[in-house]
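Participant: whatever this is, show me its structure:
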Amino acid sequence: MEFLIEEIKTELDAFDIYSVFKDDKTVTILDSGMGDENLGRYSFIGLNSFATFKYENNICFINKKRFNGEPFEELSKLINRYRIENNTGLPYVVGAMGYLSYDIVRTIEDIPGMNVEEMKVPDCYFYFYDNAVIVDNIKKKTYITSLGILKSKQDSVNQLKEIILKGHKIEYKELNESYTKFISNFGKDEYMDTVERVRQYIRNGDIYITNLTQRFCCETKKEPYDIYKDLRHINPAPFAAFMNIEDFSLVSSSPERFLKIMNNIVQTRPIKGTRPRGKDEEEDFKNRQELIDSQKDKSELLMIVDLERNDLSKVCKPYSVKVTELFKLEEYSTVFHLVSTIMGELKDKYTSMDCIKECFPGGSITGAPKVRSMEIIEELENTKRNIYTGCIGYLGFDGNVDLSIVIRTILMKDGKAYLGVGGGVTWESKKEEEYDETLDKARALMKVL
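Facilitator: Predicted coordinates for the structure are as follows:
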């Protein structure tokens, strides 16, 4: 298939443009607020969905038609129907946007499903879009694309241009601080006791590291759009996203890339190691240096780097898998993180979907060894993770992919907001510090609620 792409001259940023279309609940924004050449250069808006793919209760649905196939295979087949060649140099021009939940791993590995399912949302949902708006946050350029499925390419682009040019800049207001009661599926003592149970598994030789999480819930009357607007303002992130699906919404400010695949080059960027931002410059510097010097955090990250190298080696050409960054410190509004980057080149016989399936879910939010860690997670956590620690992003019709890990993310449904937070537990872990780390990670999300 062929697509049309045209540049539009506008002073609006990606969220300003998204806001023009916000009443259409099928519109999605993948929104970088970092302005970084490698991480935050582009934001993408998916417009005019012509198909949906859903996996729920072990059944695939394409536009509500049932299929009994395997979800990764059926999703791949649907994407391949709309295959395009992309020679623009842009990482995404048109395709599908959506998520894979953590729990879809049970279609890949034999992981028990013992925990309670509270939210009852699909394990996978993707919108297939006829149009996209691409914003280059570095060069300040904006493009509109059309595949021409719902209407002619030129008519579609012209209509979107006309609508966008009527848009305006969005104003941000200071947040009103108010008391909100959050309820966790773990009490503090219970969470700390569970950290000790993980350490016992490490002592017994089952695992080296496992990611333990808790889920907070609160009631809210705020609209999902307003929560996302506030979150992107106070906590800019390289992999932010906002989407509405059926009767729920996802508000994400993820700092972590699960997988990027562009022109058969694969990249993953696991995060391990967290410190809170300080109350002043002196404390900020102290916490920053403490993380840089922490052998425990470096050890955690190194274990996950080894796991990710192994995952990529299954689908990448021999000797192509390289660690290009090992212990990079990144700064966010509420925390510091240590990050590594691993890259490789896909083998000719493997597709982007093969790579996603082999690497899913991310090692940083499971542990090492991965399968045994997931078995322990199912035993020790009180509820199913659902979308939390899955991935959100795009599957381009050109084969390019960019998916973030679903962390620092709020799921909103039926007047309630759910947010998961966690951290890697190793033998060196101290239970009180592990609990406090989860609160540091939740701070920005709780503030907007």
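Participant: which residues are in contact with the longest helix belonging to the chain?
Facilitator: As assigned by DSSP state H, the longest helix anywhere in the chain is helix 295-315. Here helix 295-315 makes contact (C-beta atoms under 8 Å, 6 or more residues apart in numbering) with 208-209, 266, 268, 270-274, 291, 321, 323, 326-327, 338-340, 342, 344, 346-347, 350, 354-355, 358-359, 362-364, 368-370, 424, 426, 428-429. C-beta coordinates here come from the backbone N, C-alpha and C atoms, glycine included.
Participant: ok, the closest residue to residue 300 other than its chain neighbours to residue 380 distance?
Facilitator: Counting by C-beta to C-beta, 6 or more residues apart in numbering, residue 300 lies nearest to residue 272, which is 4.2 Å off, once chain neighbours are set aside. According to C-beta to C-beta, to the nearest Å, residue 272 stands 19 Å off from residue 380.
Participant: so between the two, which is more surrounded?
Facilitator: Legend: neighbour count by other C-beta atoms under 10 Å for residue 272 and residue 380, higher for residue 272 (27 against 20).
Participant: show me the contacts for the more buried one.
Facilitator: Residue 272 neighbours (C-beta under 8 Å, 6+ apart): 297, 300-301, 303-304, 338, 364, 424.
Participant: neighbour-wise, which of these leads?
Facilitator: residue 424 (31 neighbours).
Participant: sorry, back to before: the residue nearest to residue 300 and residue 304: what is the separation?
Facilitator: Taking C-beta to C-beta as the measure, residue 272 falls 5 Å from residue 304.
Participant: what's the answer for residue 38, then?
Facilitator: 20 Å.
Participant: ok, now residue 230?
Facilitator: Between residue 230 and residue 304 the computed distance is 31 Å (C-beta to C-beta).
Participant: what of residue 215?
Facilitator: 22 Å.
Participant: element containing residue 122, please.
Facilitator: Using DSSP states H and E, residue 122 sits within no helix or strand.
Participant: got the contact list for residue 150?
Facilitator: 48, 50, 130, 156.
Participant: if you set the cut-off to 6 Å instead, what comes out?
Facilitator: Contact analysis of residue 150 by C-beta atoms under 6 Å, 6 or more residues apart in numbering lists 48, 50, 130.
Participant: same check on residue 442?
Facilitator: By C-beta under 6 Å, 6+ apart, the contact set of residue 442 is residue 421.
Participant: does it sit in a helix, a strand or a coil?
Facilitator: Under DSSP: H, G, I helix; E, B strand; the rest coil, the three-state class of residue 442 is helix.
Participant: per-residue confidence for it?
Facilitator: On the pLDDT scale, residue 442 is placed at 91.
Participant: how close does it sit to residue 409?
Facilitator: As judged by C-beta to C-beta, residue 442 and residue 409 stand 11 Å apart.
Participant: what is the neighbour count of the nearest residue to residue 82 once chain neighbours are set aside?
Facilitator: Nearest residue to residue 82, sequence neighbours excluded (C-beta to C-beta, 6+ apart): residue 397, at 4.6 Å. Other residues near residue 397 come to 24 when the count uses other C-beta under 10 Å.
Participant: what does residue 193 give?
Facilitator: 13.
Participant: what of the one 4 residues further on?
Facilitator: The burial metric for residue 197, expressed as a neighbour count using other C-beta under 10 Å, is 14.
Participant: now do the same for it: its pLDDT.
Facilitator: Value for residue 197, per-residue pLDDT: 98.
Participant: please spell out which residues along the helix or strand in which it is found are buried.
Facilitator: Take DSSP H and E as the rule and residue 197 turns out to sit in helix 188-203. Using 16 or more other C-beta atoms under 10 Å as the test for burial, helix 188-203 gives 191-192, 194-195, 198-199, 201-202.
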